[in-house]
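Peer 1: Here is my input; please provide its structure:
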Amino acid sequence: MSRRSDLLRYLAARLALAPVMVWLIASLVFLLLRVAPGDPIDALLGSRAPAAARAALRAQLGLDQPLWHQYGQFLSQLLHGELGQSLTNQEPVTAVIRQSLPASLELGVVALVLAAVVGLAVGFSGVARPEGRLDLAGRLYGIGTYALPPFWAAMVVQLVFAVWLGWLPVGGRFPPTLIPPTGSGFYLLESLRAGLGTGQWHQLLGTVRHLVLPAGTLGLLLSGIFANALRLNLRRALDSDYVEAARSRGLGEGRVILRHALPNALLPVLTITGITVASLIGGALLIEVTYSWPGIAFRLQEAIGQRDYPLVQGIVVVVAALVVMVTVAVDLVVAMLDPRIRF
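Peer 2: Model prediction:
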């Protein structure tokens, strides 16, 4: 009962800090956009536009107001769940995010699953013979994939599999000759549902073909994190006293690893998953731009180039909220599974 109440207090504290973190990130982005060089009016009208037109547009967009007034209006909209309108196309920022977020979530989830599967397999492969060739190869793989620049790796993959071999599309999210599936915006799920309903699988095939290169590149780059984390924690678990006690009872090495060492080694890896989400967003920005993937990171890059203040602020706030939510959820799951954690 005491541990349950401690867990609830821990959850309440983390949930109370979550809005503060989002507010700090949103405020930082607001200030950085205003002090950074460049003017959104130049991006919209050009630097040679008449002064009267520039002044009228600045007043229309509210950019002629004092900085503290703009900040107060931004916070007021944020508290009411509004993110304003895009400066470039006058669309609500929430609508732009709603259109782009499913593409990024689909790419991120597939890449994260691939990273976990490959990374855990590589990290586990060297356990049988520590310091052997397989273990050395796994360590080199973990270091190499983590150190590769995402944009360079993406261009190499494009060059090999799309240009030279011609196996897969060079970019985009869906074949231009087909009508994209409608509904939630998650093409993979919607095309799978359409295939099961009508028996026509061309939409699913087109979706998968366009998803392989960006998700595969991002997943392999992140898999080194899981490989190194599992290897280190599994070696530490195999050297612990409780594993030695299990061996002294005559248990086989395979059972000792799977039943005693591996579950304890996976708990720190689960914690790293929350950190990997932040790395996933940073990597997704370069991957989406390189592969012309119409996700939220791609829209963020466009908005920064166009000095679209509301769109940049809205995307950063939504992404920050997602990262905070995932981190809190992962920490809560780890706290529930590991009785050694004290609050």
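
Peer 1: Show me the strands in this protein, by range?
Peer 2: Applying DSSP state E to the chain gives no strands.

Peer 1: Look up how far Gln73 lies from Ser86.
Peer 2: If you measure Ser86 against Gln73 using C-beta to C-beta, to the nearest Å, the figure is 16 Å. From N, CA and C alone the C-beta is placed, and that goes for glycine too.

Peer 1: neighbour-wise, which of these two wins?
Peer 2: Neighbour count, other C-beta atoms under 10 Å: between Ser86 and Gln73, Ser86 has more, with 21 against 13.

Peer 1: my guess is the more buried one contacts Asp308, does it?
Peer 2: Yes - with contact defined as C-beta atoms under 8 Å, Ser86 reaches Asp308; the gap is 5.7 Å.

Peer 1: Where do the helices of the stretch 151-300 of the chain begin and end?
Peer 2: For the stretch 151-300 of the chain, applying DSSP state H, counting those that start in this stretch gives helices covering 187-198, 202-238, 241-248, 253-255, 262-290, 296-305.

Peer 1: per-residue pLDDT, Gly282?
Peer 2: For Gly282, the pLDDT comes out at 62.

Peer 1: want to throw the helices of the stretch 151-300 of the chain into CSV with distance to Pro149?
Peer 2: Putting the helices of the stretch 151-300 of the chain into CSV (distance: least, C-beta to C-beta, whole Å) gives the following:
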stretch, distance to Pro149
helix 187-198, 27
helix 202-238, 9
helix 241-248, 39
helix 253-255, 39
helix 262-290, 8
helix 296-305, 16
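
Peer 1: Relative to Leu165, which of these is closest?
Peer 2: Taking C-beta to C-beta, helix 202-238 is the member of those nearest to Leu165, at 11.4 Å.

Peer 1: Just the buried positions in the closest one, please.
Peer 2: 203-204, 206-208, 210-235, 237-238 (16 or more other C-beta atoms under 10 Å).

Peer 1: Could you name the helices and strands sitting against it?
Peer 2: Secondary structure elements in contact with helix 202-238, counted by 3 or more C-beta pairs under 8 Å, 6 or more residues apart in numbering; DSSP states H and E, are helix 93-125, helix 133-147, helix 150-157, helix 187-198, helix 262-290.

Peer 1: For the longest one, the averaged confidence score.
Peer 2: The reference is to helix 93-125. 90.

Peer 1: Could you give me the buried positions within that helix?
Peer 2: By neighbour count with 16+ other C-beta under 10 Å, helix 93-125 contains the buried residues 93, 96-97, 100-104, 106-108, 110-112, 114-116, 118-120, 122-125.

Peer 1: now it against helix 187-198, angle please.
Peer 2: Helix 93-125 runs at 90 degrees relative to helix 187-198, counting by axes from the mean of the first three to the mean of the last three C-alpha atoms, to 10 degrees.

Peer 1: Then the last one?
Peer 2: Using the same axes, to 10 degrees, one finds that helix 262-290 and helix 187-198 are set 90 degrees apart in direction.

Peer 1: Show me what helix 262-290 is packed up against.
Peer 2: If you count contacts as 3+ C-beta pairs under 8 Å, 6+ apart, helix 262-290 packs onto helix 93-125, helix 150-157, helix 202-238, helix 296-305, helix 309-337.

Peer 1: What of the first one?
Peer 2: The contact analysis (3+ C-beta pairs under 8 Å, 6+ apart) places helix 93-125 against helix 133-147, helix 187-198, helix 202-238, helix 262-290, helix 296-305, helix 309-337.

Peer 1: To Arg58, which of these lies closest?
Peer 2: Of those, nearest to Arg58 by C-beta to C-beta is helix 309-337, at 12.1 Å.

Peer 1: Pro176 is nearest to which of the helices of the stretch 151-300 of the chain?
Peer 2: Nearest to Pro176, of all the helices of the stretch 151-300 of the chain, is helix 202-238, at 9.7 Å by C-beta to C-beta.

Peer 1: Can you name the residues that contact the closest residue to Ala154 other than its chain neighbours?
Peer 2: Distances taken as C-beta to C-beta, 6 or more residues apart in numbering put Thr290 closest to Ala154, at 4.0 Å, once the chain neighbours are dropped. The contact partners of Thr290, by C-beta atoms under 8 Å, 6 or more residues apart in numbering, come to 150-151, 154-155, 158, 171.
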